[in-house]
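Chemist: Generate a structure from the sequence data that follows.
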Amino acid sequence: MVLSFILLGVGVVARYVQLPYDTLGPGSARAVNSVIEVKGHPSYPPQGKVFYTTVSVRERVNPYEALAGWLDPAVEVVPEVKVRGTVPPDQFQRMNIEAMADSKTTAQVLALRELGYTNLGAGAEVVEVVPGQPAAPVLKPKDIIVAIDGKPVATSSDAVAAIRARAAGDTLAMRIKRGDAAPIDVEAVLAEGEGRPLLGVRLSTKIELPFDINIDSGRIVGPSAGLAYGLELLDLLTPGELTGGSSVAATGELLADGTIGPIGGVAQKAVTVRRAGIKVFLVPKENEAEARAHAGGGLEIRGVANFDEALKALATLEGSNALALGKPGAGS
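Modeler: The predicted model follows:
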């Protein structure tokens, strides 16, 4: 009897013990058709659907949850340090929110580029200013750097290149826009940072769209929905069916040059897509082998390295107009 009470007590305690492990399990497949809204440009709602996928994450699981994860081939049990590194949870969440915002911006840029809109950069927007670094006294989050040393800045890459062309100790002259006020000129003396001149900011490209586009990502965070957003937006803005009228799932981080970067949880996403009954899943080329290993017999995996390859993959679907969209023009 005493032993039974001891075992019962251990079992109860184990439910409240948090281990430094997370579990990654299959999540959901969600159509993005209904979350993208366009105003000021003709739109052509397609019959086909593009889905993005999520992963179900349980943080700091108890021993029972960890054991269940180890026994389930669709679930991965990983040390929390592998997921977040040494980043505090609140900062990690903030980074993922910003990553989702960046993914939507990049999706808009790449989709519009296919339609000939190529000059969308309006400057380098300050996302974060590092305390104690040269930028701290003169720059604030949401400032937009539009020129450095008298040369126009259209993208964050322009700003980074201009900074790296200087040396630690140099004075960097910047013209910035702050809110609705007229542009102002500010200066900062660059510091030394790992052998490079350091301003002490994190930047993203500020874009100006030719018409209104709203992508409602809800509570989903992270960068991996970027590919799905870009494809669906392009489908919405062009007559015809990018997917040939069928359902296609897509995952991958879109980068500004069109590259599709690898993502985490692709094994669980492949299981999610298969369970949803979707037959084609576009994944980053670097994740292709892992996705295939968990796809089963009824799901076709297409590994794609960039946005153009994603369009070519869709073009093989019957009824797709992906190769009839034309090449980007001079833009506007």
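
Chemist: Okay, now the unreliable bits of the stretch 101-250 of the chain?
Modeler: The model of the stretch 101-250 of the chain has no residue with pLDDT under 70.

Chemist: Rounded mean pLDDT for stretch 297-304, please.
Modeler: Averaged across stretch 297-304, pLDDT comes to 93.

Chemist: who touches that stretch?
Modeler: Contact with stretch 297-304 is made by 227, 252, 260, 270, 273-274, 278-285, 287-288, 291-292, 295, 310, 313, as judged by Cβ atoms under 8 Å, 6 or more residues apart in numbering. Quick note: C-beta positions are derived from backbone N, CA and C, even for glycine.

Chemist: what's the distance between stretch 54-62 and the middle of its chain?
Modeler: 20 Å (Cα atoms, centre = their mean, to the nearest Å).

Chemist: Now that stretch: buried residues?
Modeler: Across stretch 54-62, burial judged by 16 or more other Cβ atoms under 10 Å covers 54-55, 58, 61-62.

Chemist: export that stretch as CSV, just CAs?
Modeler: Output of stretch 54-62 as CSV, limited to C-alpha atoms (Å, rounded to 0.1, in the frame of the first residue of the first chain):
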residue,chain,number,x,y,z
THR,A,54,1.8,25.0,-39.3
VAL,A,55,3.6,22.9,-36.7
SER,A,56,2.1,22.2,-33.3
VAL,A,57,4.7,23.2,-30.7
ARG,A,58,4.5,22.2,-27.0
GLU,A,59,7.1,24.0,-24.9
ARG,A,60,8.9,22.5,-21.9
VAL,A,61,6.9,19.3,-21.9
ASN,A,62,6.5,17.0,-18.9
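
Chemist: which residues touch the strand or helix carrying Ala122?
Modeler: Assigned by DSSP states H and E, Ala122 belongs to strand 121-129. Strand 121-129 is contacted from outside by 98, 135-136, 139-146, 153-156, 158-160, 177, 200-208, using Cβ under 8 Å, 6+ apart.

Chemist: that older thread, what about the buried residues of stretch 54-62, which are in strands?
Modeler: Of these, the ones assigned to strands by DSSP state E are 54-55, 58.

Chemist: List phi and psi for the closest residue to Leu199 other than its chain neighbours.
Modeler: In space, not counting the residues next to it along the chain, Leu199 is nearest to Ala135; the distance is 5.0 Å by Cβ to Cβ, 6 or more residues apart in numbering. Here is the backbone geometry of Ala135 (degrees, to the nearest 10): phi -70, psi -20.

Chemist: same thing with Val186?
Modeler: phi -130, psi 160.

Chemist: That one: what's it in contact with?
Modeler: Val186 touches 138-139, 173-174, 176, counting by Cβ under 8 Å, 6+ apart.

Chemist: how about 6 Å then?
Modeler: Shown in contact with Val186 (Cβ atoms under 6 Å, 6 or more residues apart in numbering): 138, 174.

Chemist: With Glu318 instead?
Modeler: Gly244.

Chemist: for it, helix, strand, or coil?
Modeler: Put simply, Glu318 is coil when judged by DSSP: H, G, I helix; E, B strand; the rest coil.

Chemist: Now Gly27: closest residue in space that isn't a chain neighbour?
Modeler: In space, Gly27 is closest to Thr54, 3.5 Å off (Cβ to Cβ, 6+ apart).

Chemist: Sorry, wrong one. I was asking about Ala191.
Modeler: Per Cβ to Cβ, 6+ apart, closest to Ala191 is Leu198, 4.5 Å.

Chemist: What is the distance between the helix or strand harbouring Leu311 and the centre of its chain?
Modeler: Using DSSP H and E, Leu311 falls within helix 307-315. With Cα atoms, centre = their mean as the basis, helix 307-315 stands 19 Å off its chain's centre.

Chemist: Give me the contacts around it.
Modeler: 110, 242-243, 258, 282, 302, 304, 320, 322-323.

Chemist: can you list the buried residues of stretch 54-62 in CSV and add distance to Gly27 and pLDDT?
Modeler: Listed next are the buried residues of stretch 54-62 as CSV, based on distance: Cβ to Cβ, whole Å; pLDDT from 0 to 100:
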residue, distance to Gly27, pLDDT
Thr54, 3, 88
Val55, 5, 85
Arg58, 11, 83
Val61, 16, 77
Asn62, 21, 80
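
Chemist: Closest one of those to Val130?
Modeler: Nearest to Val130, judged by Cβ to Cβ, of the buried residues of stretch 54-62 is Val55 at 30.7 Å.

Chemist: partners of the closest one in the sheet?
Modeler: For Val55, the beta-bridge partners are Pro26 (DSSP bridges).

Chemist: in the stretch 1-150 of the chain, which spans are helices?
Modeler: 2-15, 63-71, 80-84, 89-114 (DSSP state H, counting those that start in this stretch).

Chemist: For the third one, what is the distance to the chain centroid?
Modeler: Put plainly, it is helix 80-84. 18 Å.
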